[in-house]
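Engineer: Mind folding the following:
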Amino acid sequence: MRCWQRTDLHCNLEFVLKLYCLSPRCDYVVRVVGLSESNIILVTGGAGFIGSALVCELNNRGFENILIADFLGSGDKFFNLVPLRFVDYVEADKLLELVRKNDSLLSGVSHVFHLGACTSTAECNAAYLIENNYAYSKALANFAKGKGARFVYASSAATYGDGSTGMSDKVHPNAALRPLNAYGYSKHLFDLYAVKNNLPAYGMKYFNVFGPNEYHKGDMGSMIPKAYESIVKTGKVQLFKSEDSRYADGEQMRDFLYVKDAVAMTIFLSEVPKYANGKATHGIYNLGSGVASTWKELALSVFRAMNLKPNIEFVEMPSALKNKYQYHTRADISKLRAIGYTGKITPLADAVADYVRNYLSRGMARLEPGSAPASR
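Structural biologist: Model prediction:
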């Protein structure tokens with residue numbers, strides 16, 4: 001299980017940087033830039049998948065006044081930080097202490113991107129998820145409100161459950177939603193809290209995001225790196241058979257969103273004016289491609305990107321997933337468009353080709369400042 005949690009008390013950034021400085025690439029690791037006291041960007045989960053991609057794009061846009069918080073643990077997530085430029089790093093539990101003390105380190109915070117969370121849909125410890133995902137979010141949101149800082153946070157499409165009550169972001173979240181797992185419920189609770197307390201927060205219901213920098217996620221990562229490795233080793237991809245007669249095997253559908261597009265949408269929500277068309281812009285937004293694609297389409301895109309003949313095998317779905325499986329998701333992003341987002345969405349086949357050819361086939365290369373920017 002890979003979560004936003006500490007797994008090794010002896011593995012922190014300072015230790016990692018000292019160790020990594022034995023590498024010829026030490027200059028990338030230890031570069032620290034000037035700190036602007038009037039404009040600090042706080043990114044929680046900044047070493048994670050979307051968080052590190054966000055920091056990379058902020059670097060591309062000239063922002064280096066970034067404070068990153070995360071739990072690095074003993075895994076290889078720290079590699080996502082290596083090429084990035086930021087002013088400081090704190091462990092996530094330490095950040096909460098700084099918030100509660102209103103520490104001077106946070107005095108210049110103008111934007112908070114709260115992307116840190118335990119994102120494991122298989123996590124069964126609901127009490128841990130409530131503390132890590134819900135209570136932590138409340139503390140940060142109220143801190144940001146007190147500072148007058150823009151608060152942009154990660155919710156999840158998992159809050160919609162099986163979609164039987166709809167997947168609309170145009171209505172306030174309510175008790176009618178039925179998340180299928182404790183992770184989704186922990187995210188739903190904070191959505192409810194933000195709305196009930198009229199927090200000027202911008203919540204993002206990410207759909208199925210994929211792309212470089214997700215490598216540390218293991219089983220919780222997208223299918224694409226798994227498919228790529230399977231094709232390299234066995235020449236085939238395995239997909240779950242359908243347990244729903246409405247969907248043929250491999251025809252179950254998801255809204256897949258490239259991480260570069262997800263980052264562009266995220267940054268937009270940090271910059272959009274407080275009011276548009278006479279209405280407040282804060283609230284909850286679906287972040288997706290707006291297109292439902294099948295798992296089979298996704299697998300075929302990987303084969304095409306590798307210039308190989310498709311070879312798909314259908315296998316039984318694990319019994320633990322059968323009652324918690326989403327057969328169709330699609331994000332309606334018209335609410336995001338209505339407040340001015342005009343960025344183009346990368347077509348699935350193009351996004352997969354970029355991911356496979358420029359990252360996976362190059363030893364799981366990470367995003368680096370100066371690389372292909374996010375869509376705008």
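
Engineer: the strands in the stretch 51-200 of the chain, which residues?
Structural biologist: 66-70, 88-91, 109-114, 150-154 (DSSP state E, counting those that start in this stretch).

Engineer: Now do the first one against strand 109-114, angle only.
Structural biologist: By that I understand strand 66-70. Angle between the axes of strand 66-70 and strand 109-114 is 30 degrees (criterion: axes from the mean of the first three to the mean of the last three Cα atoms, to 10 degrees).

Engineer: what about the longest helix in this protein?
Structural biologist: helix 182-196 (DSSP state H).

Engineer: Give the residue spans of the stretch 1-150 of the chain that score low on pLDDT.
Structural biologist: 1-38, 122 (pLDDT under 70).

Engineer: okay, now the spatially closest residue to Gly51 that is not a sequence neighbour: neighbour count?
Structural biologist: Computed as Cβ to Cβ, 6 or more residues apart in numbering, the closest residue to Gly51 that is not its neighbour in sequence is Gly45, at 3.9 Å. C-betas here are computed from N, CA, C, even on glycine. For Gly45, the neighbour count with other Cβ atoms under 10 Å is 23.

Engineer: got the contact list for Gly45?
Structural biologist: Listed by Cβ atoms under 8 Å, 6 or more residues apart in numbering, the contact partners of Gly45 are Trp4, Gly51, Ala69, Asp70, His114, Leu115, Gly116, Ala117, Ala154.

Engineer: now the residue nearest the centre of the chain: how far from Glu271?
Structural biologist: The centre of the chain sits closest to Ile50, judged by Cα atoms, centre = their mean, with a distance of 3.8 Å. Computed as Cβ to Cβ, to the nearest Å, the Ile50 to Glu271 distance reads 17 Å.

Engineer: likewise Ser120?
Structural biologist: Counting by Cβ to Cβ, the separation of Ser120 from Glu271 is 31 Å.

Engineer: Asp332 now?
Structural biologist: Counting by Cβ to Cβ, the gap from Asp332 to Glu271 is 22 Å.

Engineer: and what of Phe71?
Structural biologist: With the distance defined as Cβ to Cβ, Phe71 ends up 28 Å from Glu271.

Engineer: higher neighbour count, those two?
Structural biologist: Phe71 (23 against 10).

Engineer: count of residues packed around Asp162?
Structural biologist: Count around Asp162 with other Cβ under 10 Å applied: 15.

Engineer: Please name the residues that touch it.
Structural biologist: With Cβ under 8 Å, 6+ apart, Asp162 has these contacts: Arg178, Leu180, Gln326, Tyr327.

Engineer: Tabulate those residues (CSV), appending neighbour count, pLDDT and distance to Thr234.
Structural biologist: CSV is the format used below for the contacts of Asp162 (neighbours: other Cβ atoms under 10 Å; pLDDT from 0 to 100; distance: Cβ to Cβ, whole Å):
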residue, neighbour count, pLDDT, distance to Thr234
Arg178, 15, 85, 37
Leu180, 19, 77, 31
Gln326, 18, 84, 27
Tyr327, 15, 89, 27
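
Engineer: And those residues, which two are furthest apart?
Structural biologist: Greatest spacing in the contacts of Asp162, by Cβ to Cβ: Arg178 and Tyr327 (14.8 Å).

Engineer: tell me the helices in the protein, going along the chain?
Structural biologist: So, for the chain - with DSSP H - the helices run 13-20, 26-30, 49-60, 92-101, 126-129, 136-147, 182-196, 223-234, 259-271, 295-305, 319-322, 334-338, 348-358.

Engineer: Nice, that's everything, thank you.
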